[in-house]
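Asker: How does the following fold in three dimensions:
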Amino acid sequence: MKRKRIFQGVGLASIIAGAVVISSCGENKEENQNAENQGEKVLRFSAIPDQDTTAQAERYNPAAKWLSEKLGIKVEFVPSSDYGASVDKFVTGDIQLAWFGGVTGVQARNEAPGSRAIVAGAKDLQFKSYFIANESTGLTKAETFPQGTKGMTFTFGSAGSTSGCIMPAHFIVKNTNQGPLEFYSKVGFSDSHDKTAYQVQDGTYQTGVLNYSTYDGLVKDGKIDPNKCRIIWETPAYADYNFTARADLDKTFGEGFTDKLQQALIECTDAAVLKAFDRDKFVKVDNSTFQGIADVMKSVKLK
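Answerer: Okay, here's the model as predicted:
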């Protein structure tokens, strides 16, 4: 019955468009499998499903095509069902490259020794989260942590999200000396940034937190009304999203391949690729760029 309701709620054009994407994705996967059977190597990559989780392949397939042309190898995007699944795929070697958040990147590199953070978006070095509130709370934007949210309902995004959970939890503890479950009357997890905004706007939760880039995009697209779903505080900046490569890339694709991949991404000006990652450009990073996130992960407990 649930499946029937889902299909009834989807327009015919969307079904057709989705079918085209699924068909194309399936053809690429079959083509790559045939190539592998003939001894040709395939680079597989994934990304954390931080928003609009139903359209991952449509979003990232242009990047796979671009990487394939730049590197001269087969490249395939592999969707992940949740943040943990993307880390698991990386650790087991089912994928060799991933677009991680700051937290999932640290998790993956800890569990896959020798792996490297190679690039981040330029804006990822100064990332931040927005604390937001439904208009019914009467709260407005302030320069300091919103102490007035004490006792209200509150939702994070995914429990594994840097900007939608871990860093906000760190700032809650730092500013209140209480864990989220002590400070708020009810704490939820929406599982993605866009869902957090929608749930605060419709009043499911009085307050919440998400990454600033998703909020700004939703407002720009007219999907969120900034008067109904208000920014009440911006966190201090921190490092976040990054491409991380497994240590065995050079062994699989040849000496110096990881450096070649890194340089290709830094020089990328392809509009479709940059749009897929919602970035203007990529910049060089290394594992030490995310040491601050690693330190926070040791101290944050969602209590």
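
Asker: distance of the residue most central in space within the chain from T176?
Answerer: By CA atoms, centre = their mean, the mean C-alpha position of the chain lies nearest to D50, the distance being 3.9 Å. Per CB to CB, to the nearest Å, D50 is found 26 Å from T176. No exception for glycine: its C-beta is placed from N, CA and C like everyone else's.

Asker: just R109 next, same as before
Answerer: From R109 to T176 the distance is 31 Å (CB to CB).

Asker: more crowded one of these two?
Answerer: Remark: of R109 and T176, R109 carries more neighbours, 25 against 16, as counted by other CB atoms under 10 Å.

Asker: Skipping adjacent residues, who's closest to the more buried one in space?
Answerer: Leaving out its chain neighbours, the residue that sits closest to R109 by CB to CB, 6 or more residues apart in numbering is S115, at 4.8 Å.

Asker: Quick one, grab the pLDDT at the one you found.
Answerer: Here the pLDDT value assigned to S115 is 98.

Asker: Now do the same contact list for it.
Answerer: Applying CB atoms under 8 Å, 6 or more residues apart in numbering to S115 gives the contacts F90, A108, R109, T244, A245, R246, A247.

Asker: For G208, state which of those residues is nearest.
Answerer: G208 lies nearest to A108 out of the contacts of S115, by CB to CB, at 26.3 Å.

Asker: The closest one should be in a strand, yeah?
Answerer: No: counting by DSSP: H, G, I helix; E, B strand; the rest coil, A108 is not found in a strand; it is helix.

Asker: Give me the number of neighbouring residues for it.
Answerer: Using other CB under 10 Å, A108 is surrounded by 22 other residues.

Asker: before we move on, what about F253?
Answerer: Other residues within reach of F253, judged by other CB under 10 Å, total 18.

Asker: hang on, isn't it packed against V42?
Answerer: No: here F253 does not reach V42: they are 10.0 Å apart, not a contact under CB atoms under 8 Å.

Asker: and for these two, which residues touch both?
Answerer: I73.

Asker: Helix or strand: which one has R59?
Answerer: Using DSSP states H and E, R59 falls within helix 56-71.

Asker: Quick check: mean pLDDT of the next helix or strand after that helix?
Answerer: Scanning forward in sequence from helix 56-71 by DSSP H and E, the next helix or strand is strand 74-77. Strand 74-77 comes out with an average pLDDT of 95.

Asker: residues near T149, how many?
Answerer: 22.

Asker: For Y184, see how far away it is.
Answerer: Taking CB to CB, one finds T149 at 7 Å from Y184.

Asker: show me what contacts the closest residue in space to L67 that isn't next to it in sequence?
Answerer: Nearest residue to L67 in three dimensions, chain neighbours excluded: V75, at 4.4 Å (CB to CB, 6+ apart). For V75, the contact set (CB under 8 Å, 6+ apart) comprises V42, L43, R44, F45, A64, K65, L67, S68.

Asker: closest to V200 among those?
Answerer: Checking the contacts of V75 one by one against V200 (CB to CB), the nearest turns out to be F45, at 32.0 Å.

Asker: Can you classify the closest one as helix, strand or coil?
Answerer: Following three-state DSSP, F45 is assigned to strand.

Asker: Could you report the neighbour count for the nearest residue to it once chain neighbours are set aside?
Answerer: Spatial nearest neighbour of F45, excluding adjacent residues (CB to CB, 6+ apart): L97 at 3.9 Å. Residues lying near L97 (other CB under 10 Å) number 23.

Asker: Relative to Y130, how far out is L97?
Answerer: The value you get for L97 to Y130, if CB to CB is used, is 29 Å.

Asker: likewise V283?
Answerer: Note on V283: its distance to Y130, by CB to CB, is 23 Å.

Asker: which of the two has more neighbours?
Answerer: Y130 (26 against 16).

Asker: isn't there a helix covering the more buried one?
Answerer: No: according to three-state DSSP, Y130 belongs to no helix; its state is strand.

Asker: correct me, but it touches L210?
Answerer: Yes: between Y130 and L210 there is a contact under CB under 8 Å: 6.2 Å.

Asker: circling back: state the pLDDT value of the residue nearest to the centre of the chain.
Answerer: We have a pLDDT of 74 for D50.
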